[in-house]
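>>> here is a sequence with its predicted model. Questions after.
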Amino acid sequence: MCSPVENGLPGREGQDGRDGPRGEKGDPGSPGATGRMEMLDVPKEDNSSAGDPGLDGNLGPPGPPGPAGVRGLAGRDGPSRIQRDVGPQDISALWRQLEALQGQVRRLQEAFLQYKKVELYPNGRDVGQKVFKTAGFVKSFYQAEQMCSQSGGQLPSPRSTAENHALQQLVELENSGAAFLSMTDFWTEGRFTYPDGASLVYSNWAPGEPNDDSGREDCVEIISNGKWNDVPCGAKRLVICEF
């Protein structure tokens, strides 16, 4: 009978065997327990103070020129030179120029307003620097005088044959028979003068006129043949204005 052999030392581990064939898919397992939401670690804001700014670097070389921009609108012409030292005499001269310009503006405004008023009278005649206009109204002397004054004119004062003929044409055009002139003998009976009292430099009285019939004829009319006649100022005659 053999005696028992004592166990020997363990041998070296053998090499892994080849993978066996893949097994069949097993049944699904039971659901696991609900997990917890973990907070992500977000890096904290760095509250450390900023360092001092460094020194400015050297200026780099100039870059290439850019494309030309759109051309702008032309500006107003400026003064030929800048007056740096303005004295009291210069200021006085400027004020005089300003006052002169203001006077010209006022005269232009007055002329424009008068032109607008004159246009209210459709029919007219130009003689030299004068314009005679009528709108066909028939008024007494005082009403006619006021109407012309409000329009910036006056009743006509013919001082030449040409001016008298222009008035005669307007009387014929309106077929009114006669129109008032500006002259009266208010200053001295029988001596007819212009509104400012000056003596007449031209007249075209009809034969036997003025005769101051019944002592009431202090105004003058021009009739369709161009002749003058003295008439009562309250009579109604065509209104012609001189501008």
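Thanks, I have it. Numbering: from 1, shown residues only.

>>> so for the helix ranked longest in the chain, what's the average pLDDT?
Identified as the longest helix of the chain according to DSSP state H is helix 88-118. Taken as a whole, helix 88-118 has an average pLDDT of 77.

>>> now do that helix: distance to the chain's middle.
Distance of helix 88-118 from the chain centroid (C-alpha atoms, centre = their mean, to the nearest Å) equals 19 Å.

>>> next SSE downstream of that helix?
strand 123-127 (DSSP states H and E).

>>> any idea of the angle the next helix or strand after that next one forms with helix 88-118?
Downstream of strand 123-127, the next assigned helix or strand under DSSP H and E is strand 130-139. Put simply, strand 130-139 runs at 50 degrees to helix 88-118, going by axes from the mean of the first three to the mean of the last three C-alpha atoms, to 10 degrees.

>>> any idea of the angle the helix or strand of the chain with the lowest mean pLDDT forms with strand 123-127?
One helix or strand of the chain scores below all others by mean pLDDT, DSSP states H and E: helix 88-118, with a mean of 77. With the same axes, to 10 degrees as the basis, helix 88-118 and strand 123-127 are set at 130 degrees to each other.

>>> so what does helix 88-118 touch, helix or strand wise?
For helix 88-118, not one helix or strand is in contact under the criterion 3 or more C-beta pairs under 8 Å, 6 or more residues apart in numbering; DSSP states H and E. Where you see a C-beta, it was placed from the backbone N, CA and C, and this is true even at glycine.
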